[in-house]
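Colleague: When you get a sec, could you give me coordinates for this:
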Amino acid sequence: MNFLRRPTALVGVAVIAGVVALTAVIASASSGSGNGIAPYKQAVLNKVQHDQQAAQSLPHLPKNPTADRPTAPPTAAPQGIFPYRFGPFPSGLYNMTNLASIRTTNGTDLLVYAGAMTADTSQGVLIVVGHAGNSVEVPADLQKVYASTRRGGALTITALGRDSVTFTYALGGSGAFDLLSRKFS
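Modeller: Numbers count the residues shown, from 1 in each chain. Next comes the predicted model:
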């Protein structure tokens, strides 16, 4: 049993000697700056601190609260007639056929959806939606439904005018809708 105690004692002495040596190395490394940071790192920190203080002592221009802020230029929506894929309204209310994107002479970008009411397919409708930027949701005040004055079935937009869309009825015939006055003709 005596031989088992000697290696344990030697291991204990070796651990204590290692801890003492490590403590001495740490103490000698930190004695140079007093804060435990290596001298080359301390030099970098001192330079950064000096540069920050120099920058803060420079004169600053006063802020102009009325100065215009830079803004992105407005992008025009693509103009034309497109097949209907989906719209910003409940699909159970309308059966849409197509849509048009148009910029009126007063500079308003509009989307005009054409189709019919789901509950009464003989009632054609146009849904005019004002530009809502990149938003997926369109506020209710930018969206208005217009029922056609004639019950000729679903409407399909066929042409764009300066401030109007021309459409055909599913049951035959055609008509127009003025986007400024918001009236059928």
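Colleague: show me the residues around Met117 that make contact.
Modeller: Contact analysis of Met117 by C-beta atoms under 8 Å, 6 or more residues apart in numbering lists 93-95, 123, 125, 147. No exception for glycine: its C-beta is placed from N, CA and C like everyone else's.
Colleague: hmm, try it at 6 Å
Modeller: Each residue near Met117 by C-beta atoms under 6 Å, 6 or more residues apart in numbering is listed here: 123, 125.
Colleague: let's have the chain start at 39 instead
Modeller: Okay, residue one is now 39; in that scheme the one you just asked about reads as Met155.
Colleague: Next one, pLDDT for it please.
Modeller: In the prediction, the pLDDT value recorded for Met155 is 93.
Colleague: Where do the strands of the protein begin and end?
Modeller: Taking DSSP state E, the strands of the chain run over residues 118-121, 132-141, 147-155, 162-168, 181-185, 193-198, 202-207, 212-216, 221-222.
Colleague: and of the ones you listed, who's closest to Val82?
Modeller: Proximity to Val82 (C-beta to C-beta) singles out strand 147-155 among those, at 54.8 Å.
Colleague: Within its sheet, name the partner strands of the closest one and how each one runs.
Modeller: In its sheet, strand 147-155 lies beside strand 132-141 (antiparallel), strand 162-168 (antiparallel), with partners assigned from DSSP bridges.
Colleague: how about the first one: buried residues?
Modeller: For strand 132-141, a neighbour-count test (16 or more other C-beta atoms under 10 Å) marks 132, 134-141 as buried.
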